[in-house]
Structures are given as C-alpha cells and as structure tokens.
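In: no sequence for this one, just the structure:
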C-alpha cells in the first residue's frame, strides 16, 4: 500500500509499505494492505513502518499526535512534531 507521512513543514515519508503500527488515542492499532476505509485521531507515540512482509525491514517516527486516513489502499498520516528514530 502507498503511505505518505506529512507534517506542516515537510513530507517525512512517501513510499510503499506492507503495514504500519500507530498510537491511537484509545490505544495502538495496525493497518495492513487492503484495510477498510478509516479516519482516526492519533495520540503521542511511535509510528512503526513495516516495509516488507518479513517484518525485518522497519522504520519508525516519534509523533506528538495527528490524524490518519486510509482509502483505496493509500494511507495518509498528518502529524505534529514528528522525528525519525
């Protein structure tokens, strides 16, 4: 699926991923390929990108909150105060 992570200042990530783990305001959740449409608020925490199916290739970002939209196998994450780990 296609993923784009944006802050007010710049684009942090754009590319294909297998899945991602996110800090929801009610607890952590995971998005995988072909997920149903979704809009959700994010709390402070870590966004972990699963680059491939094996799970060995990952990347992560610390965020202070934001929003996520999933639609047609494309994920857009809008965040405040993100830094790459």
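Out: Now that the structure is in, tell me what you want to look at. No experiment lies behind these values; they were computed from the predicted model shown. Numbering: from 1, shown residues only.

In: only C-alpha atoms for contact and neighbour calcs from this point on.
Out: Will do.

In: where's residue 35 relative to residue 65, distance?
Out: 21 Å (Cα to Cα, to the nearest Å).

In: So those two - more neighbours on which side?
Out: residue 65 (19 against 16; other Cα atoms under 10 Å).

In: which residues touch the more buried one?
Out: By Cα atoms under 8 Å, 6 or more residues apart in numbering, residue 65 lies in contact with 41-45, 79-81.

In: Show the pLDDT at residue 56.
Out: Looking at residue 56, its pLDDT is 82.

In: How about residue 85?
Out: Taking residue 85 on its own, its pLDDT is 85.

In: cool, and residue 39?
Out: Reported pLDDT for residue 39: 97.

In: next one: phi and psi at the residue in the chain sticking out farthest from the centre?
Out: In the chain, residue 54 marks the outermost C-alpha relative to the chain mean, sitting 18.0 Å out by Cα atoms, centre = their mean. When read as degrees, to the nearest 10, the backbone of residue 54 gives phi -70, psi -30.

In: next one: stretch 71-85 to chain centre, how far?
Out: 4 Å (Cα atoms, centre = their mean, to the nearest Å).
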